[in-house]
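Asker: output the structure for:
(one chain, ligands or ions: 1)
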Amino acid sequence: MLIAKNLSYKYQATEVLSNINLSFESGKMYAIIGKSGSGKTTLLSLLSGINATQQGTVILDDKTIKGGQLRAYRRNNSIVFQAYNLINYLTPLQNVKLALEITGNKGNHTQIAKDYLQKVGLNDVQMKRKCTELSGGQQQRVAIARAIACQSKIVFADEPTGNLDSATGEAIIQLLKNLAKEENKCVICVTHDAQLENYADEVIHISDGKIT
Ligand SMILES: Nc1ncnc2c1ncn2[C@@H]1O[C@H](COP(=O)(O)OP(=O)(O)OP(=O)(O)O)[C@@H](O)[C@H]1O
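Answerer: The predicted structure is shown next:
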């Protein structure tokens, strides 16, 4: 489904990814694991279309993603960012509804947003507070609800359990895993979390910008 072919990437003169070749399928959860600074977020940014490739290609369903198609490709993907990237002056409910509107989802957006926020463990009061009035872990769960509510074929998650205690983290991992198994999505997570490694169908190790 999704292929990274000979991907290399530099920031200024420094190469941070070197000749990466990977392939991802629907119905599976992947964990990309590596030390801080090993290139995980950079790899996710190329796979998801946030950044354009420099060398090598990203191929979706046999079609190479070219420069002009990057924006549309990016819009079709769901991404859970390490820094959440929520709209802070909106409530969780408004954040998820906005994403549903932008991605042109059908159905009752308020109900869908509520259902997904409940799934990640937010209660009715928390859903209606401003995001700035939630804890870091609650904001992370809003970011996850927003990503999975949009029904993208591929969900990318950068440290999705980074700010959660181990029980909440496990529940979120299970939710991501169900997304792969029950809804046939391709779920690609970047993580340090050994728990996530245990749940993943495939574990990919990256070190100094290379797959090891
Ligand atoms: N915009 C940038 N300009 C220059 N160098 C960058 C930039 N973004 C990242 N880097 C460098 O590229 C390398 C890989 O960074 P990246 O964020 O991909 O690593 P990571 O494995 O996701 O790290 P972490 O687990 O700490 O988030 C690091 O050495 C980082 O300092």
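
Asker: count of neighbours near the nearest residue to Lys128 once chain neighbours are set aside?
Answerer: Sequence neighbours aside, Thr91 is the residue nearest to Lys128 in space, at 5.2 Å (criterion: C-beta to C-beta, 6 or more residues apart in numbering). Heads up, the C-betas are built off the backbone N, CA and C, glycines and all. Thr91: 21 surrounding residues under other C-beta atoms under 10 Å.

Asker: give me the average confidence score over the one helix or strand Ile173 maps to.
Answerer: Here Ile173 sits within helix 166-183, counting by DSSP states H and E. Mean pLDDT, helix 166-183: 88.

Asker: begin at 46, not 1, for the rest of this chat.
Answerer: Got it, first residue is 46 now, which makes that one helix 211-228.

Asker: for the chain, what spans make up the helices?
Answerer: 85-93, 115-120, 137-147, 154-164, 169-172, 181-194, 211-228, 239-244 (DSSP state H).

Asker: neighbouring contacts of the fourth one?
Answerer: Put plainly, it is helix 154-164. Helix 154-164 is contacted from outside by 137-138, 141-142, 145-146, 150, 172, 186-187, 190-191, 193-194, 220, using C-beta atoms under 8 Å, 6 or more residues apart in numbering.

Asker: and the buried ones among the residues you listed, selectable in ChimeraX?
Answerer: Remark: buried members of the contacts of helix 154-164, expressed as a ChimeraX selection using 16 or more other C-beta atoms under 10 Å:
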select :137,138,141,142,145,172,186,187,190,191,193,194,220
